[in-house]
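Q: how does the following fold in three dimensions:
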Amino acid sequence: MRDVNRMLQPEWLVTAATGLIGRLSAGYLRLCRSTTRWDRQGEAELERLLAQGPVIVVVWHDGALMAPMVWPAGRWPITTLRDTSPAGRVSGAVQARMGLQPMAMAPRSSNRVASRLILRRLAEGVSVGIAGDGPKGPVRVMKDAALDWARVSGRPVIMLAAAMRRHRRLDTWDRFIMPLPFTRGRVIWRLWRAELPRKADPAQIEAWRADLTAALNQLSDEVWEGLL
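A: The predicted structure follows:
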């Protein structure tokens, strides 16, 4: 009877569904990765920086599903953030099966609490990945997190953009990219800033935000050139 009652609890059903969807989705991403002919740029610089310590990886949210496909998880651990919504839980399950280390952020957690957890991971030598405009947008509007973490930790910011010739754009706020197998793909890693001063006034932070936004937009446009 106890097992029956447990099966009827919504949380159990959500957990089971999340695990199943995560397993199937991760298998699909592996298929896409293995059947894609990749043009990889900037990997030598990424490896050089990782050999010196963790990095902060920033990607736009529309390409977040492709990021687990291209990160060298077997060699370099990375923590990613997810929210506690059903979609966030599925995303976390997929990332975990792709070798990443997703971290759930409770909706009532303050930015200060979240930053402490992230900075602790960076101090432990684990890189951190974040969607600069996620998880709810507005689209391509850079949030404070990556800049704050870079200033406090002193770790470099790496921009990531990935594209696949065969793909679908979902009807979401960011036109989320769904990869398709048997195609050509390109991934570009590029250093934005090796170091940010720990102390900065609001005007300087805003200037950095604008510069990072422009640089990631340019990289995101560049990665599609020649594929479509």
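
Q: could you count how many residues lie near residue 197?
A: 10 (other C-beta atoms under 10 Å). Using the backbone N, CA and C atoms, a C-beta is placed for each residue, glycine as well.

Q: with residue 93 instead?
A: With other C-beta under 10 Å as criterion, residue 93 counts 23.

Q: pretty sure residue 159 sits in a strand.
A: Yes: counting by DSSP: H, G, I helix; E, B strand; the rest coil, residue 159 falls inside a strand.

Q: who touches the longest strand along the chain?
A: What stands out as the longest strand in the chain, according to DSSP state E, is strand 183-193. Contacts to strand 183-193, defined as C-beta atoms under 8 Å, 6 or more residues apart in numbering, come from residues 35-43, 45-46, 49, 58, 66, 70, 150, 156-167, 179, 208, 212, 215-216, 219, 222-224, 226-227.

Q: again, only this time at 7 Å
A: 36-43, 45-46, 49, 70, 150, 156-166, 212, 215, 219, 222-223, 227 (C-beta atoms under 7 Å, 6 or more residues apart in numbering).

Q: now list the buried members of those residues.
A: Taking 16 or more other C-beta atoms under 10 Å as the criterion, what is buried in the contacts of strand 183-193 is 36, 41-42, 46, 49, 70, 150, 156-165, 212, 215, 219, 223.

Q: that older thread, what mean pLDDT does the helix or strand that comes right after the longest strand of the chain get?
A: Sequence order places helix 202-224 as the next helix or strand after strand 183-193, per DSSP states H and E. In this model, helix 202-224 carries a mean pLDDT of 96.

Q: output the contacting helices and strands for helix 202-224.
A: Applying 3 or more C-beta pairs under 7 Å, 6 or more residues apart in numbering; DSSP states H and E, one finds that helix 202-224 contacts helix 145-153, strand 157-164, strand 183-193.

Q: could you check the angle the longest helix anywhere in the chain makes with strand 183-193?
A: Across the chain, the longest stretch assigned as helix under DSSP state H is helix 10-34. With axes from the mean of the first three to the mean of the last three C-alpha atoms, to 10 degrees applied, the angle from helix 10-34 to strand 183-193 works out at 100 degrees.

Q: pull out the buried residues from helix 10-34.
A: Neighbour-count burial for helix 10-34 [16+ other C-beta under 10 Å]: 18, 21, 22, 25, 26, 29, 32, 33.

Q: likewise for stretch 45-56?
A: So stretch 45-56, judged by 16+ other C-beta under 10 Å, has buried residues 46, 49, 50, 54, 55, 56.

Q: off-centre distance for it?
A: From the chain centre to the centre of stretch 45-56 is a distance of 16 Å (C-alpha atoms, centre = their mean, to the nearest Å).

Q: what does that stretch contact?
A: 76, 122, 125-128, 146, 149-150, 155-158, 189, 191.

Q: and of those, the nearest to residue 200?
A: Nearest to residue 200 among those, counting by C-beta to C-beta, is residue 150 at 10.7 Å.

Q: any idea how far the closest one is from residue 178?
A: As judged by C-beta to C-beta, to the nearest Å, residue 150 and residue 178 stand 30 Å apart.

Q: nearest to residue 98, of the buried residues of helix 10-34?
A: For the buried residues of helix 10-34, the nearest to residue 98 is residue 26 (5.5 Å; C-beta to C-beta).

Q: list the contacts for that closest one?
A: Per C-beta under 7 Å, 6+ apart, neighbours of residue 26: 94, 97, 98.
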